[in-house]
Structure formats: structure tokens, C-alpha cells
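1. here's a sequence, model it:
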Amino acid sequence: MSISIQNKLSRIAPPRVHLSREVEEDGAILKKEIPYVIGVLADLTQSSEHRPPVGQRAFVEIDRGNFDAVMAEVAPSVRVPLASGREVKLSFSRLSEFSPIHLIAQVPELADGHRRAQNLGRLLSHLDGNDAFTGFLINLAKDLPQKQSLMTDIQAGSGPMLDRVLEKGFLAAAGDVPEENLSALTDALLSLEPATVDPYKDILARMDELYAGLSPDLNAILRHPAFQAQEAVWRGLWFLVANADTGPRLKIRVLDVSKKELQEDFAAAKEPSKSALYSLVKSKIYRFGNTDPFSVLIGCYEFKINEQDLELLEDIRTIAAEAVCPFLSALAVTFPETPLDDREKRLWKAFRANPGADFVHLCAPRLLLRLPYGAKTLQSEVVGFEEDVSADGPPATYLWGSPVWHIGERISRAVTNFGWPAAISGLENGGLLENVPRLNAVGSGRNEALEVPFSPENAQALDSAGIVTASTVKGSEKLAFSANASADPKAAQVTLPRILTASRIAQCAHLVVRECLAASETLESTQPHVETWISQYVLLDDTAPRETNAEYPLRTGHVRLSEVPGGPYPLCVEVTVLPHFMLPKFEEAVQFKTFIPEVGGAA
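-> Predicted coordinates:
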């Protein structure tokens, strides 16, 4: 079996970037690595009914250990119609509760049908190979008065006919007869016709009928858009969390907020810097100085290239640029043949021409989150259940998830392996997608890991437009994120790995500035301090070995501080960096100019 380069790199100790700051502990000055913080924005409840205003919410740190606790605290729920049209409310406190067996438990009629089918299965275990019990049931089926008498005894819980059954040892002893066995015996008697010669076969048919009766309602639930949205966001979040080595070096924080709520937040604020999101991502972090800044924001949303969505992206871009924190989300794609029409291309090009637009990157297409339930795909605990994905034709009814979960996983893996979010794209540089369910593995004849498979030409066109695409690698069935390369020299300067690495340095520089000011240092004393900090990562030697390049990941690094008298934000921070480690050679440095609020001021 072939092993990918990114797997090989993860199995050895590769050269690693260590961005650290000095902290005082017990009177000693220690160097501590600055953690990489992935912020997740996602609609975790699919409803704003019981959520407080966005400004009153907080990011919650999440990892494998507390995932279920976070989910239980959020308490997601959804209302969906059954096949009969009756609406039911489904609630979730663990990821496993999205599975068919747990869905059944929340719907009384399904729970009853499933219980009866299971009871018949247990009854069959008593009947299998028991000629006396078989003969008794054959005779009983022919004698309707006796059959009715036994059913009456079962309903009453005692009686001569029931005692006779127990005395013969057909079921457990009288004191140990569970209620389920009696219920199963009633179901079995109802399934037996007077002419039956094979009670086992007839009861088995009744059991199969009960199991089959669960399918219409289960499929109605699993196929409903509201349920799929809920399942997809939590399975996607779990994919990110489960594949991340969270700890002191890597953290994931999640905020429950919908795309609509973000739009309403910005509309009410009038300007991005007065929005609740700005407060959560930027001002509170820099004012109070007790939280590590976000390194990247992942938005589990889909954006169309139209005026309304681009307006929201522009507001988010403003915050991302101010926080020096790139924002990644998904492009809504319907047709692989024309992923962007001429009008969308013009709108997107105009958006990309705005200052700071390189802080926003969209990804496409959606990827399969789980295989459909079935005997040959993903077995469930419900006997014989086959998830129906054929009614609207694949791929519409499969469970698709946002590509941001996978790009987030690639970023977290790069940070874990190298301390540096550069190796995230291209087959040979960390972009290989792993752990993606694939239907072609079970003989479907199609590679249905991607909802919208792009042609190489369309993938390249999107790539050149700054869209990060997942596609099949030519000549193989491997999936990888694009290298985000472009023939446009200007566009080539703002590839995702470049902006992620450059902004990472800027974020750390901001953190050093914040901590100097929090320690009551003056602007004059902070300037040389932060300049000394960034210079320790600069290397001018193009021929240095890989280990040295990891220790000094920059070709250029400068920080300039200046006061802004009378402005709402009293300090301007200008960071100029030219990252080189694990990146193509660039001649032009990246410059960031941001303003930070007074440390320790009001939020």
C-alpha cells in the first residue's frame, strides 16, 4: 500500500517552526510557544429561537474530550415531518444520536415497531429447533378458541393457557417471563394463519415486515434538508476536532452563529467595527489580554457570488483584516460545467480587487461526510435498513459537508507537523485529502466523494480566481486541494498558504505588543522589544538547510508602531513580512496595517 508524503512526514520529526513569547512564571522568564487558534463559526442549532443575541455569546474551546459536553450544552434539535406528514421534534446531545437506531428511540411509533420486531427475533430463538414449540403453535393456529384464550391470558398476565405454555418450557420460567416475550407471543399469534405449516417462517416474515415498516419514516427524517443540515454541521465539526492534535500548541474554538444572524448583526451595527463579531474576534482579545488571538476563522456557510452575499463577505473581510486573521468559507456551487457565470466572475473579480480581499478565501465543492446506511455501505443497528438515496437521483440525497472542515483539518495537520500552516495544498505538499468516504469503493462506478466534480479546466479556472478547489488528481482516484497557483503575478502573491503564514507572524507580533503594553511598557520601549522579537525569525541565507529554515522562517520581518491621537484606536501596528519556509520564492513582502484598542479598556 502506498504511503503519501504527508503521512511519511507525520511519522518522522520534521523541522518545525517555533513561534514563542517570553512569559514570567514564579519569577522566572520562560519561552512559551504561541498556540495556533482555529476559530469556527457555524450554525450549530439551525434555530435562533432560544439563542441569546450574538453579542452575548462566546467562543467555546472544543476538543475530542469535551465534544459531547459541548454538544449537550448547545442542545441542537430539529423538527421534521414523518412519511405520514406528522411532525416530530428530534434532539441531540451526542453525535451517535444522528444514527437510525437513536432516531427510532425518539419517535414513539418507530420505537414501538422496532421493539416488537426485536421481541419477535428473541421469540424465534426459542422456536428455532424446538419441534414441540413448533407443533404447539401449528395446532394453536388451527384452534381459534384456544388461540384467543391464550391471547386473553397474555393480556391479563396470567391464565391457564399461558401457564400451559410456560409449563412446557417454551418460554422462560413463570417468574422470569419478561413483558417483551408476552408481547412477542401476541404478535406471533396474530401472524399465524390456520393453515400454517411453518410458524418460524411466518413469524420471521412478520418480523421483517415490522423492520421494513420503519424505513419510510427513517428515510423521511434522514433526507429532510433541516435534518441533513444539522447532521452535516456536527459531523463536519467532529471531523475537524477528531483529526486535530489539540493541546497547548493548537486550539479550536467554536461560536454558534448562523449566516443570517451575522447579516443582521452587521446591519444593526452600521459598520463592522461596531458589530458583535468584531468584539468577539478583535476588541475583547486585545483589550483584556487574557486570550490568545485567532489564527484563522472557518465559517461553515455557503456564499453565492451575488450582491447580498458579497456585502456580508466584505463586512467579514474588514474584521478579518483588522484581526489579521484569514476567513475561510465555502462557495455555493451547483453546476460543474459552469461553476461561475460571466456575471459572477465580474462580481468576484471586483470583490478581489478590494484592499484586504486576500483575507477571504472560498473553497469548493462539498464532500461526502458519511456513506448511506446499508448492508454494503454503512451498516446500522436497524436490521435490514437501506437508506434511500435514489428518489431524486444521486448525488442530491447523500450527506454532503462543507469543504472548510477538510481545509481546516489540513491546516491543523500542518501546524501539528511543522508549526506552520504552509503545507496544505497540492498532492505533494499536504493537500491530499484522507478519510473521505467514497462510494466507488463499493462498486458504484463513480467517484462520489465530491458533490460537484470539476473538470481540470474548471478547477484551474476557479483556482486562478482564488477559489480553493478539491478535485481528483489526474491519473488517480486521490483527492487533493488545489495548489492555489495562478499565472497572474499579483494573484500569485495572495495564495492561501502565503496569507496564512504571513498573518500568523503578524498575529504573534500583535500579541507581543499587547503584552508589552499590558505590562505598562511605553510605546517607545515596546518598539525595540517587538522588533527584536521578529528579527529572531529572519534568515537571509537562501542556501541554509531545512532545519535552519524552520528556525528562521522569514526573509524579511519588521514591525512599526505609531500613535493615532484622537482616534478610536490609539495604536497603529504595521507589520512587514516575507515568509519563505515551505513556500515558493516570492520577491514581494506582505504588509499588514491594523489598529488595536487601548489594552485594558472597556469592551
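
2. which ones are touching residue 402?
-> 232, 236, 300-302, 329-330, 363, 366 (CB atoms under 8 Å, 6 or more residues apart in numbering). Heads up, the C-betas are built off the backbone N, CA and C, glycines and all.

3. redo that, cut-off 6 Å
-> Applying CB atoms under 6 Å, 6 or more residues apart in numbering to residue 402 gives the contacts 236, 300, 330.

4. dump those into CSV; add secondary structure and distance to residue 166 as well.
-> Putting the contacts of residue 402 into CSV (DSSP: H, G, I helix; E, B strand; the rest coil; distance: CB to CB, whole Å) gives the following:
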residue, secondary structure, distance to residue 166
236, helix, 53
300, strand, 58
330, strand, 62
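
5. between those, which is closest to residue 496?
-> Proximity of the contacts of residue 402 to residue 496 (CB to CB) peaks at residue 330, which lies at 13.9 Å.

6. which residues in the stretch 401-550 of the chain form strands?
-> Using DSSP state E, counting those that start in this stretch, the strands of the stretch 401-550 of the chain run over 432-433, 468-472, 479-481.

7. JSON lines for the ones you listed, including mean pLDDT and mean neighbour count?
-> Output for the strands of the stretch 401-550 of the chain, formatted as JSON lines (pLDDT from 0 to 100; neighbours: other CB atoms under 10 Å):
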{"stretch": "strand 432-433", "mean pLDDT": "93", "mean neighbour count": "20"}
{"stretch": "strand 468-472", "mean pLDDT": "91", "mean neighbour count": "24"}
{"stretch": "strand 479-481", "mean pLDDT": "92", "mean neighbour count": "23"}
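
8. please tabulate the ones you listed in CSV, including the columns distance to residue 586.
-> As requested, the strands of the stretch 401-550 of the chain are arranged in CSV below (distance: least, CB to CB, whole Å):
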stretch, distance to residue 586
strand 432-433, 24
strand 468-472, 19
strand 479-481, 20
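
9. so residue 155, which of the three states?
-> helix (DSSP: H, G, I helix; E, B strand; the rest coil).

10. picking up where we left off before, what subset of the contacts of residue 402 is buried?
-> 236, 300, 330 (16 or more other CB atoms under 10 Å).

11. how much space separates the first one from residue 74?
-> Remark: distance between residue 236 and residue 74 (CB to CB, to the nearest Å) = 14 Å.

12. cool, the last one as well?
-> As judged by CB to CB, residue 330 and residue 74 stand 21 Å apart.

13. look up phi and psi at residue 184.
-> Backbone torsions of residue 184, given as degrees, to the nearest 10, read phi -60, psi -40.

14. what's the pLDDT at it?
-> Residue 184 carries a pLDDT value of 84.

15. what's the answer for the one 10 residues further on, then?
-> At residue 194, the model reports a pLDDT of 88.

16. ok, residue 396 next?
-> Note on residue 396: pLDDT of 66.

17. again with the one 4 residues further on
-> Confidence at residue 400, expressed as pLDDT, is 95.

18. secondary structure element for it?
-> Using DSSP states H and E, residue 400 maps to strand 399-401.

19. partners of that strand in the sheet?
-> strand 367-370 (antiparallel) (DSSP bridges).

20. number of residues surrounding residue 581?
-> 22 (other CB atoms under 10 Å).

21. what of the one 10 residues further on?
-> Neighbour count for residue 591, taken as other CB under 10 Å: 13.

22. going forward can the numbers begin at 136, since that is how I track them
-> Okay, using 136 as the starting number, the last item reads as residue 726.
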